[in-house]
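**Student:** need a 3D model of the sequence below.
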Amino acid sequence: MAADKPFGIDPEEFERALRDAGIDFRDLIGKASGYIDRTGANTLASLLGQFVQPERTRAPKPDAETTGETGSGVWVIYSIDDAGEARIEQVFPSELEALRAHRDNTDERRRVRFLPYGVPATALDTP
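**Tutor:** Now for the predicted structure:
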């Protein structure tokens, strides 16, 4: 091997390849900037917006917890009679237990609902 061609490449060929790659890269950047300028949007936002999904906004959580979130109440299975009055049939400490007991229900008047402590069962009545 010759001292000036350790990898079989002439230094002038290597330099010429790098120069051509630099010109091609510069042309590519020029085309990209022309595209970004045509959109009229913020340059960085439009460039990164193609690759990054915007963060989804979430609904704000209410300030005060509801009675159902604090767990101060019971889950009830109740039925409504012809007069629209509710009659509680069963009481459960958790929603899962109430739904399991109610899963084979075929009666349209039988329902499951959370009933906070201190609220009378008449709140379940239909108007």
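**Student:** mind listing the helices for the protein?
**Tutor:** 11-39, 43-49, 67-70, 95-102 (DSSP state H).
**Student:** who does the first one touch, helix- and strand-wise?
**Tutor:** Here helix 11-39 is seen to pack against helix 43-49 when contacts are counted using 3 or more Cβ pairs under 8 Å, 6 or more residues apart in numbering; DSSP states H and E. Backbone N, C-alpha and C define where each C-beta goes, glycine included.
**Student:** residues in contact with the nearest residue to His102 once chain neighbours are set aside?
**Tutor:** In space, and not counting its chain neighbours, His102 is closest to Val112: 4.8 Å by Cβ to Cβ, 6 or more residues apart in numbering. Contact partners of Val112, counting by Cβ atoms under 8 Å, 6 or more residues apart in numbering, are 75-77, 95, 98-99, 102.
**Student:** Ser79 touches His102, doesn't it?
**Tutor:** No: using Cβ atoms under 8 Å as the test, Ser79 is too far from His102 to be in contact (11.0 Å).
**Student:** mutual contacts of these two, please.
**Tutor:** With Cβ under 8 Å, 6+ apart, Ser79 and His102 have common neighbours Arg110.
**Student:** hmm, back to that, ok, now how distant is the residue nearest to His102 from Glu15?
**Tutor:** Separation of Val112 from Glu15 (Cβ to Cβ, to the nearest Å): 79 Å.
**Student:** kindly report the same for Ser94.
**Tutor:** 76 Å.
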